[in-house]
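1. quick one, fold the following:
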Amino acid sequence: MKVEKTFFLFEGKRVGGFSYIPEGVGKFPAVILVHGFGGGIHELKNRFMCEKLAEAGIAAFMFDFYDEPNGLSEILREEMTVSLQLRVLRSAIDCVCGLPIVDVSRIGLTGHSLGGMTVLLYTPTDSRVKVLVVQSGVSDFEELVAHWGDVGDWKKRGYKHFDKSWGGMDVKYALVEDGMRYDVYAQARKITCPVLVFHGDQDTSVPLQESEELMSSLKKEDELAVLHGCGHTYKEEGMMGRATMLLVGFMKKWL
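-> Prediction:
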């Protein structure tokens, strides 16, 4: 496979990531990976998933929404909102569909955690997305915010500092106000493409119950895979491989 830096412009700002291109010639199906809160191209899981997709003959593109911690994008991380991510994601898909090696009729999308919420909201708005995989996705934004602690102090200050375990960043209160506007379950009911959801039963950041509730808003033929003994980031032995196998297998089936 080939791995290439890839950039696109969003409202005059550079956004960057990496394209993983399979061996061979011709047009390939492609999958866009969307990272979670505090995540990015530096995450081993994202790199591993891209590599395995490319080995399976599927082009993969991962990118950073924000400037930190990797410096490939120019959008300030403190400006994070769900609405912003939705707009950037459309530009990312435009970029991938413009690559000469990509078959634009075979586009897949996957997102982890807050990125899972982003892809759930985005998919029913873009008919180019033919298959969706949600990785431990946020379906209840209000529950996520409660997990983050004192929202009143966040609102008073105008920003909240997240320690190193969350990425070591300041985020404006606008994230809360914006995220509360969205009803993920309502949007999920509009999704027509095949969907796979996987989630660890030991996830203490985003409870498995959110994905279980999500399934009632998806089509009856859509799938939920529970990763037993697995937390939020798949760092337990063997779990990254298992999650990746689920992702690659589902994308191969439908793309």
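2. off-centre distance for stretch 240-255?
-> Relative to its parent chain, stretch 240-255 has a centroid offset of 15 Å by CA atoms, centre = their mean, to the nearest Å.
3. I meant to write stretch 101-120 there.
-> The chain centre lies 7 Å from the centre of stretch 101-120; the measure is CA atoms, centre = their mean.
4. give the buried residues for that stretch.
-> Neighbour counts over stretch 101-120 (16 or more other CB atoms under 10 Å) mark 101-102, 106-120 as buried. Every C-beta, even on glycine, is put in place using the N, C-alpha and C of the backbone.
5. with stretch 217-228 instead?
-> So stretch 217-228, judged by 16+ other CB under 10 Å, has buried residues 217-218, 222, 224, 227.
6. within the helices and strands, which one has the residue nearest in space to the middle of the chain?
-> Closest to where the C-alpha atoms of the chain average out (CA atoms, centre = their mean) is residue 111, at 2.1 Å. Per DSSP states H and E: residue 111 is located in strand 102-112.
7. so what touches that strand?
-> Applying CB atoms under 8 Å, 6 or more residues apart in numbering, the contact partners of strand 102-112 are 27-36, 39, 45, 49, 58-59, 93, 96-97, 117-120, 122-123, 128-137, 247, 251, 254-255.
8. likewise stretch 183-192?
-> Contacts of stretch 183-192 (CB under 8 Å, 6+ apart): 117, 120-121, 123-124, 132, 138-141, 213-214, 216-219.
9. any weak-confidence spans in the stretch 101-250 of the chain?
-> Within the stretch 101-250 of the chain, no range satisfies pLDDT under 70.
10. how near is residue 118 to residue 137?
-> Counting by CB to CB, to the nearest Å, the gap from residue 118 to residue 137 is 9 Å.
11. the stretch 101-250 of the chain: strands as residue ranges?
-> Using DSSP state E, counting those that start in this stretch, the strands of the stretch 101-250 of the chain run over 102-112, 129-135, 159-162, 169-172, 195-200, 223-227.
12. give me the angle between the second one and strand 102-112.
-> Spelled out, that is strand 129-135. 20 degrees (axes from the mean of the first three to the mean of the last three CA atoms, to 10 degrees).
13. one step back: and the furthest pair within the contacts of stretch 183-192?
-> Farthest apart among the contacts of stretch 183-192 by CB to CB are 141 and 219. That separation is 22.5 Å.
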